[in-house]
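*Asks:* Fold the following.
(2 chains, ligands or ions: 6)
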Amino acid sequence: MNCNHACSTDNWAEVKATAGRVLGEDLVAFIEQCRAEGNPHSQLIAVLHRVQGKFGYLGKSQLDAVAQLLQVPAAKVSGVASFYHLFRLQPRGKFIINLCLGTACYVKGADRLAEKLSDELGIRFGETTGDGMFTLEGARCLGACSLAPVMVVNNDMHGAVTPDQIPIILDQYIRKAKQQVEEKPAAQS
Amino acid sequence: MKQQVWDVLQTIRDKCEQVVREQNTGHRIFIQVGSATCENAAGAVAVADEFRKHIAASGRDDIVLRRTGCTGRCSREPIVSVYRPGVMPVKYEKVTRELVHGIFTKHVLKGEPLLDHVLDGTIAAMSRFEILNCGSLRCGWKGEKICGGPMANQLRAMGVEPDECRVISASCFGACSAEMAGKHTHILVRPQNVLYRLETLADLEEVVQEHIRGGRIVERLRVHDEPVSQDFFELYGEVAFFNRQTRIALRHNGIIDPESIEEYVHYRGFEALAKVLSQGDPQWVIDEVTKSKLRGRGGGGFPTGQKWALAVKSPERVRYIICNADEGDPGAFMDRSMLESDPFNVIEGMIIGAFAIGAHQGFVYVRAEYPLAVERVDNTIRKCREWGLLGKDILRSGFDFDIEIRLGAGAFVCGEETALIHSIEGERGQPRIRPPYPTEVGLWGKPTVINNVETFANVPAVIIYGADWFSHIGSQASGGTKVFALAGKVNHTGLVEVPIGITLREVVMEIGGGCTGGKAVKAVQTGGPAGGCIPAGMLDLRVDFDTLNRAGSIMGSGGMIVLDEDDCMVDIAKFFTAFSEDESCGKCTPCREGTKRMMEILERITTGKADEEDLNKLERLAKLIRRSSLCGLGRAAPNPVLSTLTHFRDEYLAHVRDKRCPAKKCTALLHFEIDKEKCVGCTACARNCPVECISGNRREPHVIDQARCIKCGRCFQVCRFDAVLKL
Ligand SMILES: Cc1cc2nc3c(=O)[nH]c(=O)nc-3n(C[C@H](O)[C@H](O)[C@H](O)COP(=O)(O)O)c2cc1C
Ligand code: SF4
Ligand code: SF4
Ligand code: SF4
Ligand code: FES
Ligand code: FES
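*Replies:* Residues are numbered from 1 along each chain as shown, chains lettered A, B, ... in the order given. Ligands and ions are numbered 1, 2, ... in the order given. Below you'll find the model as predicted:
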């Protein structure tokens, strides 16, 4: 399934520059490196992971830029991006709460945590709070089943969580965000 | 035979030994802290930091902090081990920052262990010696015969007190062979870690006289080759959770630093690879693996040797090998643990596989949800390249092979072989019809072998210790062990590696310690969304690929979830069906639409809207999906429903006939009442009820307005006086 577009190479510099404005030099370099290796198209998922890692989600303009640079049809890029659960097409909150909804966590009461989280945040799974602070997502087993029920907030894993702990955990992050806001102006002055 | 391969390995070994020796010189004290996703989640990072600070503050350079992966004793993590030269190692459980100070000042500095925090319960005193006595099939009964009963009693009779030497019953060390069965028994004496082979009572007396009393090793009885599980037992042999296990795939977990190639080489790392490359005969490797009766550990149980032979048959010269580390079963984590705790072993197995099938390029397909595993595999690949163990002319054998990592992106179906191949190619991960099988037409149309992480993890052991040895551990039909991720309502959750053919009871009751809270086991779910529920009445079932199939479940990749009386089997079936519905890739109708329809029926059952005819409909639909789906996901999706319908039909009938959920899980079939006698009128329930249907004055019994109650169960959860009844 190689790309059959007869892209002329003369506008390559221009393509790169446009894509660079959207993705940044680092990602352009990464994609170039992928292209240099065999079967560059097979790197699409790796590239999307990088892009999402940088921007938090995959926006339309980023997907187009990836399509241009990897020389893959745009339809394929968005097809792949929408197929895999981990790729997000919408912006997300500052803190991403990933509640494990795997079997071990389920039998240990993850459903009650889900309710509590939804209640506390006032959002459903897949949504982001109005202030852009939290996004609530469900995961399929985070590989720490013996500590079930488990939830991950950004990169911190919380094990054996009870519904009562939820407000306390959320509070930690709200305070963390406030601190960061306070530190910023201080750092600038 | 290519001698130069061994020469190159020897050079590598010399370098590694030097590093390992330097780490161990002097009378060093080692503090070992686990580092893996589970350990870190339990707080291991903070504990390691705290130790680091203490060591720095003490100014001692003979105290060393070591990192290992996880041992699989997850419910007691973080686990810290302290090794002082010449004395028994001590392991602590659930170590917190606060406990670190005590361990450091009392035990590490003064040599007084904190006996109340020792892993798996307090002990009265540390004994000076320990005899681990093999209680397994081949030597267990011989030991009893020699001693005329339990070995501990015999030692007492010889006048050895428990504080001098404890006796602990362990499982097979792997020192035995079929011919030896019933002729000898094996004991491991710690802390010197000497393995003896005993034939008569006089032999035991000699060990007591010489070794325990006199401190001299009895060379005459000593077993000189190191059996597979010895390193593990040397460190963990006194812990009941571990000594009932036989560790092959996990033999280094918790022993070595997963990021150190030196330590891996020290524990016979790459010896199997050197053996294979020096022989230079791929067919020999395939024959060995076939003879070992190793079957794929990813779920299907296809004989690994046979799979490799199929790939070799193809005239196509370009071939690929893939390690499937997608670990999709939502309740399984053994592949993660192996990749995080002993990644070199998996990669070595993969290189051997590549040599056997003539592949020069391999891929490790890992879930993106396992960042630490990805990091460690990446480190492993890099180090292997640096040391000439990957790349061109591996160990100067002329064989070229390299590995790339590819990340998944959260699609369960990508664990299926053809979907995985599409995903590596950068496509949507949808399966295609087989045949042709990947061994004929795989990645980029070339013959491709896909094996699971655990399958590869067993390969080096098969090569080093021999196919015969491997095939004798396990059952008639399949050799070796299986690692299970024990979770759910069980006391000791974690990773359990046991010989195939062991009973479910031994795993769940003896190693797992039964259900939490003293409740009764109701069922054991194996195989995840593709598996089924085995009722408690069948706990004596021997765990094997075929026996589990017959019981309506599957071995699967190794998830084992224990369910107790509070778990509703209809609800569990619904849980897995929801999973399959969600994960269906949508390519074929029976799976895409069928799982939806099954969900609707299950929803009706759990909300009391179904009748008996619905059960028949459900069964017919499930069988149809099983027959007509395109890939393994759809074909196995009905298993949870069918197995629960077979084994727990009564529970379904209670839902549809009596509109009752016996496990009190399906809230729509329950109602909540307040017990007037018990209610103290604290108002907690009323304040928490989302629809404000609880009334009552402070310090007076409260009442629920049943007409308005939405059965959310909040009042039941918040009442601290057990006054809210779930009926
Ligand atoms: C829906 C589905 C999901 C699967 N997930 C996995 C998985 O996560 N890990 C795995 O090793 N095998 C998985 N398998 C099985 C693989 O397709 C394949 O049989 C296996 O990796 C072969 O390796 P083995 O022979 O070493 O077991 C899955 C199969 C299906 C149908
Ligand atoms: S059975 Fe399900 S997962 Fe498999 S191809 Fe069909 S729709 Fe996709
Ligand atoms: S929470 Fe319990 S004790 Fe308190 S008012 Fe409600 S039922 Fe009564
Ligand atoms: S179950 Fe929920 S709605 Fe019903 S009384 Fe209790 S808190 Fe209120
Ligand atoms: S089921 Fe939640 S971590 Fe595995
Ligand atoms: S049965 Fe005792 S060492 Fe194997």
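*Asks:* ok, longest helix in the chain?
*Replies:* Let's take chain A. helix A:165-188 (DSSP state H).
*Asks:* Switch to chain B, please.
*Replies:* Under DSSP H, chain B gives helix B:3-24 as its longest helix.
*Asks:* For residue B:610, see how far away residue B:569 is.
*Replies:* Distance, residue B:569 to residue B:610, using Cβ to Cβ, to the nearest Å: 15 Å. C-betas here are computed from N, CA, C, even on glycine.
*Asks:* Can you pick out the residue with more neighbours from the two?
*Replies:* residue B:569 (27 against 23; other Cβ atoms under 10 Å in any protein chain shown).
*Asks:* about what we covered before: touching chain B at all, the longest helix of chain A?
*Replies:* No. Legend: contact between helix A:165-188 and chain B by Cβ under 8 Å from any Cβ of the partner chain is lacking; minimum distance shown is 12.5 Å.
*Asks:* still on that earlier bit, does anything pack onto the longest helix of chain B? Which helices or strands?
*Replies:* In this structure, helix B:3-24 makes packing contacts with helix B:261-266, helix B:271-279, judged by 3 or more Cβ pairs under 8 Å, 6 or more residues apart in numbering or on different chains; DSSP states H and E.
*Asks:* Listing partners with orientation, what would you give for the helix or strand following that helix?
*Replies:* Using DSSP states H and E, the helix or strand that follows helix B:3-24 in sequence is strand B:29-34. Strand B:29-34 has these partner strands in its sheet, going by DSSP bridges: strand B:63-68 (parallel), strand B:80-83 (antiparallel).
*Asks:* Identify the bridge partners of the residue nearest the centre of chain B.
*Replies:* With distances taken as Cα atoms, centre = their mean, residue B:495 lies nearest the centre of chain B, 3.3 Å away. When assigned by DSSP bridges, residue B:495 has beta-bridge partners residue B:485.
*Asks:* which residues does it contact?
*Replies:* B:70-72, B:74, B:250, B:253, B:333-334, B:337, B:483-486 (Cβ atoms under 8 Å, 6 or more residues apart in numbering or on different chains).
*Asks:* where's residue A:58, which helix or strand?
*Replies:* Under DSSP H and E, no helix or strand contains residue A:58.
*Asks:* Secondary structure class of the residue lying closest to it once chain neighbours are set aside, three-state.
*Replies:* With Cβ to Cβ, 6 or more residues apart in numbering or on different chains as the criterion, residue A:58 has its nearest non-adjacent residue at 5.2 Å, and that residue is residue A:81. State at residue A:81, reduced to three classes by DSSP: H, G, I helix; E, B strand; the rest coil: helix.
*Asks:* thinking again about what came up before, among the helices and strands packed on helix B:3-24, which comes closest to chain A?
*Replies:* helix B:261-266 (22.3 Å; Cβ to the nearest Cβ).
*Asks:* Just to check, residue B:480 is in contact with residue B:296?
*Replies:* No. Using Cβ atoms under 8 Å, residue B:480 makes no contact with residue B:296, being 11.6 Å away.
*Asks:* which one of the two has more residues nearby?
*Replies:* Taking other Cβ under 10 Å, residue B:480 and residue B:296 do not tie; residue B:480 has more neighbours (27 against 22).
*Asks:* Minimum distance to ligand 1, which residue of chain A gives it?
*Replies:* Closest contact between chain A and ligand 1, by Cβ to the nearest ligand atom, is at residue A:141 (10.3 Å).
*Asks:* whoops, the stretch 101-250 of chain B was the one
*Replies:* residue B:249 (11.9 Å).
*Asks:* Tell me the pLDDT of the closest residue to that residue other than its chain neighbours.
*Replies:* In this structure, residue B:249 finds its nearest non-sequential neighbour in residue B:457, 4.0 Å apart by Cβ to Cβ, 6+ apart. What the model reports as pLDDT for residue B:457 is 98.
*Asks:* Ok, residue B:125 next?
*Replies:* Reported pLDDT for residue B:125: 67.
*Asks:* What of residue B:336?
*Replies:* 93.
*Asks:* Walking through the stretch 1-150 of chain B, point out its helices one by one.
*Replies:* B:3-24, B:37-41, B:44-58, B:97-102, B:109-110, B:140-147 (DSSP state H, counting those that start in this stretch).
*Asks:* JSON lines please, covering those helices and showing mean neighbour count, mean pLDDT and distance to residue B:218.
*Replies:* Converted to JSON lines, the helices of the stretch 1-150 of chain B look like this (neighbours: other Cβ atoms under 10 Å in any protein chain shown; pLDDT from 0 to 100; distance: least, Cβ to Cβ, whole Å):
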{"stretch": "helix B:3-24", "mean neighbour count": "15", "mean pLDDT": "91", "distance to residue B:218": "25"}
{"stretch": "helix B:37-41", "mean neighbour count": "27", "mean pLDDT": "83", "distance to residue B:218": "38"}
{"stretch": "helix B:44-58", "mean neighbour count": "17", "mean pLDDT": "93", "distance to residue B:218": "38"}
{"stretch": "helix B:97-102", "mean neighbour count": "15", "mean pLDDT": "93", "distance to residue B:218": "38"}
{"stretch": "helix B:109-110", "mean neighbour count": "12", "mean pLDDT": "91", "distance to residue B:218": "33"}
{"stretch": "helix B:140-147", "mean neighbour count": "18", "mean pLDDT": "81", "distance to residue B:218": "15"}
